[in-house]
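Participant: Compute the structure for the input listed below.
(one chain, ligands or ions: 1)
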Amino acid sequence: EKGGYDHFMLKEIYEQPRAIQDSYRGRLLADQGLIKMAGVDDNLEKFMNANRIIIVACGTSWHAGLVAEYIFEDLARIPVEVEYASEFRYRNPVITDKDVVIAISQSGETADTLAAIKLAKEKGAFVFGVCNVVGSTISRETDAGAYTHAGPEIGVASTKAFTTQITVLTLIALKLAKEKGVFSQSKYHEFLTELENIPSKVEKALLSNDLIEKVAAVYKDATNCLYLGRGYNFPVALEGALKLKEISYIHAEGYPAAEMKHGPIALIDEQMPVFVIATKRGHYEKVVSNIQEIKSRKGKIIAIVTEGDETVKELADHVIEVPETFESLTPLLTTIPLQLLSYHIALMRGCNVDQPRNLAKSVTVE
Ligand code: F6R
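Facilitator: Below is the predicted model of the structure:
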């Protein structure tokens, strides 16, 4: 049932090209220059008239929400707030009937996310669900929604759910960008075409697996790790750190790269591996200068770079390449090596990759 893989997590990492394709199949019609999503089409007025979008989620799904914040604001120019469902529900939040709430949940059963949805509905907001499990409680409790169609995710550490959530949210943002006239037909078309290239680019990113295994062997005994990224890749840094923590039990922190000098830089010495997402565009030069700061404090640098990068290669201890794509689509690629790294490190440490201690696949209690 693991399809020849040793673990569900590895199988699910490798399923991502297909899962991403499944998440846009029948929705993304690049040749017609069209995105069709019934849940959005039927409620277009709600989205178009929204004062803001509030995203509620937990864990990895919350990280997908953060990526979506960058996408919605950058591409569709709609203000977005991303909330931990557990904080939102108890904060007496300001919600009105002009708000659209998007709840993101792989399982569709997360107790805090469900409670946040109920609260938002009581206050009159329109609530849209992005779930993976068909017929789940959250998919039933929301006013409308879009499934991620990633297929069953068995490994406790979320992988393909994350990339398919980002894909579905990107589709929604692109659709709204077009409706609002923020995007020209040609720009829209370029995006749709590039989105269709993503599965094969993910495939290419997966080819670094052997290299990543070697890198994992070097850092498997670390006790602390730092993950840094900026812009669209800041949430990817958070997600990379979460993946490492939950399956390898190594303490890891994700930070926006520029925040490093406001504290975490004090941690850096020759024992500290720092994983930096340094893809082209998206504040590349600034990330390069962050890398120089780490290097001058003797930190070990493992950089995720764009194919063919020469600058970072000179500075970093290891570089892992991903194909080039639009800045807003880079999270779909930069996430891949970080998933594989966590997998290999956890395996080398003898951890139960698919069933990490203290964790459950769906968190139905608060
Ligand atoms: C991380 C992980 C958790 C979940 C979180 C939300 O790998 O699996 O952080 O992402 O519990 O779960 P869902 O998406 O089912 O609401």
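Participant: Pull the number of nearby residues for the residue of the stretch 51-200 of the chain at minimum distance from the ligand.
Facilitator: In the stretch 51-200 of the chain, the residue that lies nearest the ligand is residue 59 (1.9 Å; Cβ to the nearest ligand atom). In this view, the C-beta of every residue, glycine as well, is placed from N, C-alpha and C. Number of residues near residue 59 (other Cβ atoms under 10 Å) recorded here: 22.
Participant: got it, and residue 227?
Facilitator: 28.
Participant: May I ask you to confirm that it belongs to a strand?
Facilitator: Yes - per DSSP: H, G, I helix; E, B strand; the rest coil, residue 227 lies within a strand segment.
Participant: if I look at it, how far off is the ligand?
Facilitator: 14 Å (Cβ to the nearest ligand atom, to the nearest Å).
Participant: Do you know the pLDDT at that residue?
Facilitator: We have a pLDDT of 98 for residue 227.
Participant: wait, is residue 115 part of a helix?
Facilitator: Yes - Residue 115: assigned to a helix according to three-state DSSP.
Participant: if we can go back for a sec, now for the residue of the stretch 51-200 of the chain closest to the ligand: which residues touch it?
Facilitator: Neighbouring residues of residue 59 by Cβ atoms under 8 Å, 6 or more residues apart in numbering: 158, 242.
Participant: cool, the one 5 residues further on as well?
Facilitator: Contact partners of residue 64, counting by Cβ under 8 Å, 6+ apart, are 57, 104, 162, 165, 166, 169, 235.
Participant: Out of those, who's the most crowded?
Facilitator: residue 104 (34 neighbours).
Participant: who does the particular helix or strand that has that one in it pair up with?
Facilitator: According to DSSP states H and E, residue 104 maps onto strand 99-105. If you go by DSSP bridges, strand 99-105 pairs up with strand 52-57 (parallel), strand 126-131 (parallel).
Participant: Mind putting the ones you listed into a markdown table with mean pLDDT?
Facilitator: Below are those laid out as a markdown table (pLDDT from 0 to 100):
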| stretch | mean pLDDT |
| --- | --- |
| strand 52-57 | 98 |
| strand 126-131 | 98 |
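Participant: export these to JSON lines and tack on distance to residue 191?
Facilitator: Formatted as JSON lines, the strands paired with strand 99-105 follow (distance: least, Cβ to Cβ, whole Å):
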{"stretch": "strand 52-57", "distance to residue 191": "19"}
{"stretch": "strand 126-131", "distance to residue 191": "19"}
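Participant: what about the closest residue to the ligand within the stretch 251-366 of the chain, which SS state?
Facilitator: When scored by Cβ to the nearest ligand atom, the stretch 251-366 of the chain has residue 363 as its residue closest to the ligand, at 4.8 Å. What three-state DSSP gives for residue 363 is coil.
Participant: For the residue lying closest to it once chain neighbours are set aside, give me phi and psi.
Facilitator: Take residue 363 and drop its neighbours on the chain: the residue closest to it by Cβ to Cβ, 6 or more residues apart in numbering is residue 110, 5.4 Å away. Note on residue 110: its backbone torsions stand at phi -60, psi 120 [degrees, to the nearest 10].
Participant: Can you verify my assumption that residue 110 contacts residue 138?
Facilitator: Yes - Residue 110 is within contact range of residue 138, at 7.3 Å (criterion: Cβ atoms under 8 Å).
Participant: which of those two has more neighbours?
Facilitator: More crowded of residue 110 and residue 138, by other Cβ under 10 Å: residue 110, with 30 against 24.
Participant: quick one, phi psi at the most centrally placed residue in the chain?
Facilitator: The residue lying closest to the centre of the chain (Cα atoms, centre = their mean) is residue 64, at 4.0 Å. In terms of degrees, to the nearest 10, the main-chain angles of residue 64 are phi -60, psi -40.
Participant: Quick check: the gap between it and residue 259.
Facilitator: 21 Å (Cβ to Cβ, to the nearest Å).
Participant: buried sites along the strand holding residue 104?
Facilitator: 99, 100, 101, 102, 103, 104, 105 (16 or more other Cβ atoms under 10 Å).
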